[in-house]
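Q: The sequence isn't on hand, but the structure is:
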């Protein structure tokens, strides 16, 4: 009996000691709860449709000659004629840029003998979309036998992209608010914004006919996309 009393007394002493230790050092008596605030991170997208108002073309001329000098000389003469015709059609010098000059030998069918040379010259031109048809006509009439394009673009692309960014930010905030409402949180201020995406035009235009007639150029549509990733604080 005395032994049982001794054991019970020791158990009581240990319980009291543990309780005192828990009061003196609370962190030893219960788990800690993080005090950091929560956040919501969402992605928003925006898109703006625009009608292209500018077109770019590549006009080239390929010529042949018995010698390298003859091929180059003839090619240079015809390239100058094309550039002059483009300027006469209203294209400024700053919108005409030479992109390629090349020369290569022509050989016999068995590849053992040089039979002549072929030279090529190409210029890149950018103009208002309204001038596109007459521009192609002028280049072809002046001797261009290689026509590439059009590549359609919009002059005020930056302004349109900013509109798409505003749409993306609006969508991001609506998403974050919906998440906050569904989880019983209060949406706070934007803590971090990361821009994603860039102007990515998708353009549709009609193919060019390689002949000196009035060439139709359809403007089609151009879609400019933007996206943002935003992190909001919550309460």
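A: Looks like it arrived, so ask away. In this text the structure is predicted, and so the values were computed from the model without any measurement.

Q: for residue 56, helix, strand, or coil?
A: strand (DSSP: H, G, I helix; E, B strand; the rest coil).

Q: helices and strands around the one helix or strand residue 140 maps to, which ones?
A: In this assignment (DSSP states H and E), residue 140 forms part of helix 132-141. Helices and strands touching helix 132-141, by 3 or more C-beta pairs under 8 Å, 6 or more residues apart in numbering; DSSP states H and E, are strand 54-65, helix 68-88, strand 114-128, strand 146-153. Placement of C-beta: from N, CA and C, glycine included.

Q: if we go to 7 Å?
A: Judged by 3 or more C-beta pairs under 7 Å, 6 or more residues apart in numbering; DSSP states H and E, helix 132-141 is in contact with strand 54-65, helix 68-88, strand 146-153.

Q: and it, how far from the chain's centre?
A: 31 Å (C-alpha atoms, centre = their mean, to the nearest Å).

Q: go on, stretch 135-146?
A: The chain centre lies 32 Å from the centre of stretch 135-146; the measure is C-alpha atoms, centre = their mean.

Q: before we move on, the earlier item: CSV for the helices and strands packed on helix 132-141, including mean neighbour count?
A: Output for the helices and strands packed on helix 132-141, formatted as CSV (neighbours: other C-beta atoms under 10 Å):
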stretch, mean neighbour count
strand 54-65, 20
helix 68-88, 17
strand 146-153, 19
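
Q: To residue 115, which of these lies closest?
A: strand 54-65 (9.6 Å; C-beta to C-beta).

Q: Switch the helices and strands packed on helix 132-141 over to a markdown table; also include distance to residue 120.
A: Output for those, formatted as a markdown table (distance: least, C-beta to C-beta, whole Å):
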| stretch | distance to residue 120 |
| --- | --- |
| strand 54-65 | 5 |
| helix 68-88 | 7 |
| strand 146-153 | 8 |
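
Q: comparing those, which gets the lowest mean pLDDT score?
A: Per-stretch mean pLDDT for these is lowest at strand 146-153 (a mean of 88).

Q: That one pairs with which strands, and in what direction?
A: If you go by DSSP bridges, strand 146-153 pairs up with strand 54-65 (antiparallel).

Q: Report the angle between the partner strand and strand 114-128.
A: Angle, strand 54-65 to strand 114-128, by axes from the mean of the first three to the mean of the last three C-alpha atoms, to 10 degrees: 160 degrees.

Q: residues making contact with strand 54-65?
A: For strand 54-65, contacts defined as C-beta atoms under 7 Å, 6 or more residues apart in numbering pick out 71, 74-75, 78-79, 82, 99, 116-129, 132, 135-136, 139, 143-155, 217.

Q: Kindly state the pLDDT recorded for residue 30?
A: For residue 30, pLDDT reads 37.

Q: what's near enough to touch the closest residue to residue 38 other than its chain neighbours?
A: Once flanking residues are discounted, residue 38 sits nearest to residue 234: 5.1 Å by C-beta to C-beta, 6 or more residues apart in numbering. Residue 234 is in contact with 37, 38, 39, 40, 180, 185, 186, 187, 188, counting by C-beta under 7 Å, 6+ apart.

Q: Now do stretch 132-147: distance to the chain's middle.
A: Stretch 132-147 has its average C-alpha position 31 Å from the chain's average C-alpha position, going by C-alpha atoms, centre = their mean.

Q: What residues of that stretch count as buried?
A: Within stretch 132-147, the residues scored as buried using 16 or more other C-beta atoms under 10 Å are 132, 133, 135, 136, 137, 138, 139, 140, 142, 143, 144, 147.
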